[in-house]
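> Next input, structure requested:
(2 chains)
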There are 2 protein chains.
Amino acid sequence: MNEFAITIKAHNKPGVLRDITDMMAKCGINISYTHLFVEKDESASVYMELDDVKDLETLAYNIRTHGNVEDVKIHRSLGEIYGKRIIIIGGGAQVAMVAQGAITEADRHNIRGERISVDTIPLVGEHELAEAVSGVGRLPRIGALVLAGSLMGGRITSAIEEIKKEHDVTVISLNMPGSVTEKADLVITDPVQAGVMAVMAVAETALFDIKKIGRRKF
Amino acid sequence: MNEFAITIKAHNKPGVLRDITDMMAKCGINISYTHLFVEKDESASVYMELDDVKDLETLAYNIRTHGNVEDVKIHRSLGEIYGKRIIIIGGGAQVAMVAQGAITEADRHNIRGERISVDTIPLVGEHELAEAVSGVGRLPRIGALVLAGSLMGGRITSAIEEIKKEHDVTVISLNMPGSVTEKADLVITDPVQAGVMAVMAVAETALFDIKKIGRRKF
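Now for the predicted structure:
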């Protein structure tokens, strides 16, 4: 967790992010997480989590006086607010049941001071699912991925191998036909239990180590 | 939607993001969305969506030859893969029910070529909930927010006023005691219906304009 996060509202022009990151680099500040997006009113919203900040107020003042910057705010980090993310991908009926288990279990851990989010997307098609699985490697704060479908293999399986190798993501699969079950860390038949176990696997308040179970089916 | 997205794997050192954004600025490229985070192996993952790129292959080559860059990949954008996000915040039991409606409805629209994700966090406490609501304004690709609780007011209501004013977010609330229902765009009693309506409100394949309904309770 990082102690400092700032949000900068700026004019959406080429060079603004360069100027801000240049200011950080000159102060020897490391950006551990950032995102920038364009608001509906066409201004740019730049969010940054910073390491090694000695004087946040002065830094905020310096950024605020940049010609293209409209506003600077200091917050807690998104990691502290939304925590680790469980991602559930698959068919609507099963994604909804896995989400029910995961949200209910996340509630129990969040009450005890943790922060776990449950993010989902229902999709159809091998190409679409494989692309969404690959994309998980490009999302921040990922804890675990649950594959909630009735038939998954081919390119989806290749995408799982890739994200496991490149990003060390924990993958839980429902018990189903197709080769994804061979590559998952854990295979669960009941969707509600799959959601609960995904949360237990990433929760610090749970005494559950997925590596100790081995690649078994339940 | 942006046509080009790239992911850069780099050494996590101050100045790397500055060098990359400098390269973009010099080519007159506008960064419409970016995020950077630190991987478990301590390398930095930089994801960018770019406007006005004339020669993506040359840009990718130039980035790849930077001393601190390990790898560059070209992808479809996260907006094209995961689409607009419905965010559901509140108590576990109700968040799970709203999610069930939203995921099932998102499935119906995603089958017809849309991309809608359903992201959730169950939380307890006025401060924690207000902070999560405020944070929604700092998240990318937001379509609508659903407040899924049994009692919400005070600072949560202030946070709703703030994100509605600053970020133009559509807010749907369950029917409940507390002042949040006065600030929501729509108040729904049934949690499954609230989830369905949140998705309909952002879906392009739905003939549903939340502004036409007016601030009514159902």
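
> anything in stretch A:131-151 sitting right up against chain B?
Yes: contact between stretch A:131-151 and chain B, assessed by CB under 8 Å from any CB of the partner chain, occurs at A:Glu131, A:Ala132, A:Ser134, A:Gly135, A:Gly137, A:Arg138, A:Leu139, A:Pro140, A:Arg141. Every C-beta, even on glycine, is put in place using the N, C-alpha and C of the backbone.

> so which of these is the most crowded?
Neighbour tally across the residues of stretch A:131-151 next to chain B (other CB atoms under 10 Å in any protein chain shown): the maximum, 24 neighbours, falls on A:Gly135.

> thinking again about what came up before, what about the residues of stretch A:131-151 next to chain B, which are in helices?
In this view, the residues of stretch A:131-151 next to chain B that belong to helices under DSSP state H are A:Glu131, A:Ala132, A:Ser134, A:Gly135.

> how much space between A:Glu128 and chain B?
8 Å (CB to the nearest CB, to the nearest Å).

> Need the per-residue pLDDT for that residue.
The model reports A:Glu128 with a pLDDT of 94.

> Nearest spatial neighbour of A:Gly135, chain-adjacent residues omitted?
Counting by CB to CB, 6 or more residues apart in numbering or on different chains, A:Gly135 lies nearest to B:Ile81, which is 4.7 Å off, once chain neighbours are set aside.

> Surely that neighbour is within a strand?
No: checked against DSSP: H, G, I helix; E, B strand; the rest coil, B:Ile81 lies outside a strand; its state is helix.

> dump the residue contacts of it.
A:Glu131, A:Ala132, A:Gly135, B:Arg115 (CB atoms under 8 Å, 6 or more residues apart in numbering or on different chains).

> three-state assignment of A:Asp41?
Secondary structure, three-state DSSP: A:Asp41 is coil.

> pLDDT wise, what is it at?
pLDDT, read off for A:Asp41, is 78.

> For it, give me its contacts.
Contacts of A:Asp41 (CB under 8 Å, 6+ apart): B:Asp168.

> Against B:Arg215, how distant is it?
From A:Asp41 over to B:Arg215 the distance is 23 Å, taken as CB to CB, to the nearest Å.

> sorry, back to before: pLDDT and distance to B:Thr205 for the contacts of B:Ile81 - can I get that in a markdown table?
Output for the contacts of B:Ile81, formatted as a markdown table (pLDDT from 0 to 100; distance: CB to CB, whole Å):
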| residue | pLDDT | distance to B:Thr205 |
| --- | --- | --- |
| A:Glu131 | 92 | 20 |
| A:Ala132 | 95 | 19 |
| A:Gly135 | 91 | 22 |
| B:Arg115 | 95 | 11 |
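
> What ranges does chain A have for its strands?
Along chain A, the segments classed as strands by DSSP state E run A:4-11, A:30-38, A:43-51, A:69-75, A:84-90, A:116-122, A:142-148, A:170-174, A:186-188.

> neighbouring strands for the third one, and are they parallel or not?
Each strand paired with strand A:43-51, and its direction, by DSSP bridges: strand A:4-11 (antiparallel), strand A:30-38 (antiparallel).

> For burial, what's the neighbour tally of A:Asp51?
With other CB under 10 Å as criterion, A:Asp51 counts 16.

> Run through the residues that contact the residue nearest to it when sequence neighbours are not counted.
Nearest residue to A:Asp51, sequence neighbours excluded (CB to CB, 6+ apart): A:Asn30, at 4.2 Å. Taking CB under 8 Å, 6+ apart, we find A:Asn30 in contact with A:Met24, A:Leu50, A:Asp51, A:Asp52, B:Asn12, B:Lys13, B:Pro14.

> can you pull the contacts of the second one?
Residues near A:Leu50 by CB under 8 Å, 6+ apart: A:Asn2, A:Phe4, A:Ala5, A:Ile6, A:Met24, A:Ile29, A:Asn30, A:Ile31, A:Ser32, A:Leu56, A:Leu59.
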